[in-house]
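K.L.:
Need the 3D shape of this:
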Amino acid sequence: MTMPALYGLLAEFDNPTALVEAVRAVRGEGYRKIEAYTPFPVESVGEELGYDRTVMPLIVLIGGILGCVGGYFLQYWVATIAYPINVGGRPFNSVPAFIPVTFELTILIAALFAVFGMLGLNGLPRPHHPLFNVPNFALATRDKFFLLIEARDARFDRAATRELLERLHPREIAEVPV
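P.N.:
From the prediction side, this is the model:
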């Protein structure tokens, strides 16, 4: 009989301090494919996991620049090339008149890039995650703290990883099936 496919091992802790210490110990052992789940933000967990940089500001900046340039040149094309209408002797390319639409498109496209960039970077939408197969994981939204070591980690070995997690004294260790 073969062992079922495994997504990883999930350790449950009672408080954020124990979780931070566990993340520090697991990273110290060389594991890199790890995730922490908490009912409220714990800043030191993100630092210990190594989440200090993100590309989101760059994605939003690119969206803002594209919106600004696109909004300006859309108006420029319409007012000077496609439908040039001389009203009151004003110039076709009137920069002050183009500012409101340019500003609005900058904000709109930057916001759309932010939303879709966040969804893409988070791997969403994902209607089902293997963690939902673990009954106690519902407590992550209430009062428990979880540490997941994924089976795709280069250092993952079912027995050795379980032994490491047991040394950290979690409340419970669960195998997460695929």
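
K.L.:
How confident was the prediction at D143?
P.N.:
We have a pLDDT of 89 for D143.

K.L.:
What is the neighbour count of it?
P.N.:
11 (other C-beta atoms under 10 Å). Bear in mind the C-beta positions are built from the backbone N, C-alpha and C, glycine included.

K.L.:
and it, what does it touch?
P.N.:
With contacts defined as C-beta atoms under 8 Å, 6 or more residues apart in numbering, D143 is in contact with P39.

K.L.:
For the longest strand along the chain, C-alpha coordinates in PDB please.
P.N.:
Using DSSP state E to define each element, the chain has its longest strand at strand 6-13. In PDB, the C-alpha atoms belonging to strand 6-13 read as follows (Å, rounded to 0.1, in the frame of the first residue of the first chain):
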ATOM      1  CA  LEU A   6       1.200  14.800   0.600                       C
ATOM      2  CA  TYR A   7       1.000  18.600   0.200                       C
ATOM      3  CA  GLY A   8       2.900  19.200   3.500                       C
ATOM      4  CA  LEU A   9       2.900  19.000   7.200                       C
ATOM      5  CA  LEU A  10       0.900  21.500   9.300                       C
ATOM      6  CA  ALA A  11       1.800  22.400  12.900                       C
ATOM      7  CA  GLU A  12      -0.700  24.200  15.200                       C
ATOM      8  CA  PHE A  13       0.400  26.600  17.800                       C
END
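
K.L.:
ok, and what's touching it?
P.N.:
Counting by C-beta under 8 Å, 6+ apart, 19, 22, 33, 130-131, 134, 136-137, 139, 144-151, 153, 156, 158, 161-162, 165, 168, 170-178 sit against strand 6-13.
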